[in-house]
Each structure stands twice: as structure tokens, then as C-alpha cells.
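One predicted model, sequence on top.
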Amino acid sequence: MFLIFVVFTSIFSVSLVFNLYLFCVIYAQPDKNKLPTVYIYNMIISSSVDIIVMFITFILPVTMTDEDYAAFRNSILSPILTINCTFFYEHPLYLTFLMSIQRIYAVFQPFNQHFTNGKLWGYCAIVAIFSWILLLIPFFSHCPVNINQRVFSFAVACQERHPITSLQNKYLIILPFTTMLLNVSLIFYLALQKSLVLRNAGGGSTVTSNVPLNPPRPIFHRSRQRQSFERMLLFQSISTTSVLLLYEVSNLFIRIFNAEYMSLSEDIRRWMFYIRVTPTALFCFFIYFVGTASIRRLLIERTKLLYKGSYDSTTIIVM
């Protein structure tokens, strides 16, 4: 138990510090046109709040006696923490779907103004309100969800879960799978379109008219900066979905093979649970440092300037 507390407290603390540093660097960057800042801010805030809540609900109870933990769990604070933990976990799942919609819309309407930063904040707010409504209805019912660290789950104190909670538990996994399917389909579509453009440019058409048989779509005539921005958006949608799917897929397997899972020793199940939630705490690090070269370069260069004592937030670093 002591080892679990030390290991995962360290991981969560480092992840939280990274999130705060990432937020400061992105916020101070003068040229934000190449960055999907609205999504980045939402992801950082969601991840940071989720880290704090998970520490209080899943890691801190490791140090409590059963009596103290029972008193904590029976207080009004525990269900409030649970609903916040759920919301800030689910919010990135909805945002990745919104990213995919934006990227697809940019392919067919590349010069649209429907996804400006101001409108994106509005879309994110609508998504958040929708998510909160789905969570608050069960919360104010006779049977709210309440994290139970002792059995490593989101438990309820009644015979059956609220119907909305049951639907989310069973079918929330469809959302990241749908997002991934949209992203993969878009990648194949763009590859096909590019091959057609290259074929026509290479003289593959036998038509002698001055008008090309298959004129290139407008998507291939946009600025490099815009294309770089949209590639980053697509990649971040795929990578975020992939990281969050780790928990959802593992949860699905546990439900399917529940008897085999429960036959494992408590120590093994405990380690499995904390390993499963760790990617959720680290997803900003995985996505924006490990997986996004331009943001990684930005963080490294800013850190070098900070180390040399010459940090200037007005300095523009080429990404």
C-alpha cells in the first residue's frame, strides 16, 4: 500500500506540474495561429482537475483506515468529487469528437468561419452543459454514483444504477470508437484525393480540354500553416482518443471477464486499477510532449531560455 501511494503520488504530481507548465508556455506564446489553443486549454484544465480529484478519491484513501474512509465516503464531499471526476474524464472524449467534426468540415468547406476560436469556446460550453446535464440527473436521484476506492470502482448504494448511468457505463465506449473511425476514414479519404490529384497532374487524364477532368479540391491549395494546424488537430484527436480508449477498453474486458478478474488477488487488482487510470492522468504529457513534435520543440526551447535566465515571452519560436 505504501509503495502504491508513493509511486502514483509521484506520477500524478509530475503530471500536474507538467500540465501547469504547458499551460503557461502556450498562454505566453505570442504566435498561437499554429496551435489549436481552445482544445489545448480544455484538455489541460480537464486533465489537471481530474488528477487532483483522482488523488483525493483514489490515492489519498490508501493512507486512511477503513473507519476513516467510510466516514469520508459517507460525507457529501465524496459524491461531489465523483461527479467532477467523471465530468473531467468524459469532457476530452466529447472534445475529440468535436475535433474530428472540425477536421472533416475543413476538408469539404476549407474556407468556412464556423470554427473560429470564439465559436469553438461556445461549442465546448455546449458540450460541457450537455455532459453536466447527463451527470446531474443521476446525481440528484436517490442513488448517486460514489467512488469506492476499496473495491476500485464507481459504486452505488442502491440495487440498480440510474438508467442514464447504466447507459453511459455500457455505451460511452462507442463515442471514442466512432471518433477513431471518423479519423481513420478521413485519412483514407485524403490519401485517395491526393493520389487522384497527383495522377491528374502527371498526365493521367486523356481529356484535351483546358479544364482538368478532376480539378484539385481547395483543401490542397491552402497555406502550409493552415494545413499544419489541421494535421495537428487530426493527430491530437487520434492520440487523445487512443489514450482514453485504454481505460474504456480495459473496463470493457473487465466487465466481460468479471469472474476471472475477481478471482485475482486483491493486490493484483489494485495494481491493475492504478495502472489503468495512470494514462488518464498522463494524457497531456503523452499527447503534447511525446506525440506532438512542434509543441515538444516549443517546450524544450522555452525551458532552455528559462534555464539560461533569458526567458522572454515575446520571443516567437518556429514550430
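Done, it's in.

The stretch 201-319 of the chain: helices as residue ranges?
Ranges of helices within the stretch 201-319 of the chain are 224-256, 258-262, 266-284, 293-308, based on DSSP state H, counting those that start in this stretch.

And the longest one, how far out from the chain middle?
Its chain's C-alpha centre lies 7 Å from the corresponding centre of helix 224-256 when counted by Cα atoms, centre = their mean, to the nearest Å.

what comes into contact with the helix or strand containing Ser46?
Taking DSSP states H and E as the definition, Ser46 sits inside helix 37-54. Under the contact criterion Cβ atoms under 8 Å, 6 or more residues apart in numbering, helix 37-54 has outside partners 12, 15-16, 19-20, 22-23, 26, 81, 84-85, 88-89, 91-92, 95, 99, 117, 120-121, 124, 233, 236, 240, 277, 280-281, 283-284, 287-288. Every residue, glycine included, has its C-beta placed from N, CA and C.

Any chance of TSV for the helices of the stretch 201-319 of the chain, columns distance to Val107, mean neighbour count and mean pLDDT?
Formatted as TSV, those follow (distance: least, Cβ to Cβ, whole Å; neighbours: other Cβ atoms under 10 Å; pLDDT from 0 to 100):
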stretch	distance to Val107	mean neighbour count	mean pLDDT
helix 224-256	9	17	80
helix 258-262	42	10	90
helix 266-284	26	18	91
helix 293-308	21	15	88
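
Reformat these as TSV; add distance to Ser46.
Shown next, in TSV, are the helices of the stretch 201-319 of the chain (distance: least, Cβ to Cβ, whole Å):
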stretch	distance to Ser46
helix 224-256	10
helix 258-262	28
helix 266-284	9
helix 293-308	17
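
closest to Ser75 out of the ones you listed?
Across the helices of the stretch 201-319 of the chain, Ser75 has its closest neighbour in helix 266-284 (22.3 Å, Cβ to Cβ).

So which other helices or strands are in contact with that closest one?
Packing partners of helix 266-284 (3 or more Cβ pairs under 8 Å, 6 or more residues apart in numbering; DSSP states H and E): helix 2-28, helix 37-54, helix 224-256.

Out of those, which is closest to Ile137?
Ile137 sits nearest to helix 37-54 of all the helices and strands packed on helix 266-284, at 20.2 Å, using Cβ to Cβ.

mind listing what's buried in the closest one?
Residues of helix 37-54 classed as buried by neighbour count (16 or more other Cβ atoms under 10 Å): 38-40, 42-44, 46-54.

just the angle between the one helix or strand in the chain whose mean pLDDT sits lowest and helix 293-308, please?
Across the helices and strands of the chain, the lowest-confidence element by mean pLDDT, DSSP states H and E is helix 224-256, at a mean of 80. Calculated by axes from the mean of the first three to the mean of the last three Cα atoms, to 10 degrees, helix 224-256 forms an angle of 100 degrees with helix 293-308.

same for helix 224-256, what does it pack against?
Contact analysis of helix 224-256 by 3+ Cβ pairs under 8 Å, 6+ apart lists helix 37-54, helix 77-108, helix 174-201, helix 266-284 as its packing neighbours.

Quick check: bridge partners of Ser153?
With DSSP bridges as the criterion, Ser153 is bridged to Asn148.

follow-up on the earlier one: buried residues in whichever helix or strand comes after the helix holding Ser46?
Where DSSP H and E defines the elements, the next helix or strand beyond helix 37-54 is helix 66-73. Neighbour counts over helix 66-73 (16+ other Cβ under 10 Å) mark 69, 72-73 as buried.

I'd like these as a markdown table, with pLDDT and distance to Lys32 appended.
Formatted as a markdown table, those follow (pLDDT from 0 to 100; distance: Cβ to Cβ, whole Å):
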| residue | pLDDT | distance to Lys32 |
| --- | --- | --- |
| Tyr69 | 94 | 44 |
| Phe72 | 94 | 42 |
| Arg73 | 92 | 43 |
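
what's the closest of those residues to Ile133?
Closest approach between the buried residues of helix 66-73 and Ile133, by Cβ to Cβ: Arg73, at 25.4 Å.

Isn't that closest one up against Asn148?
Yes - proximity of Arg73 to Asn148 meets the contact threshold set by Cβ atoms under 8 Å, at 6.8 Å.

Give the residue spans of this protein that score low on pLDDT.
In the predicted model of the chain, residues 202-230, 310-319 satisfy pLDDT under 70.

who's in contact with stretch 285-297?
With Cβ under 8 Å, 6+ apart as the test, stretch 285-297 has contacts from 15, 18, 22, 26, 34-35, 40, 43, 228, 232, 235-236, 239-240, 243, 279, 299, 317, 319.
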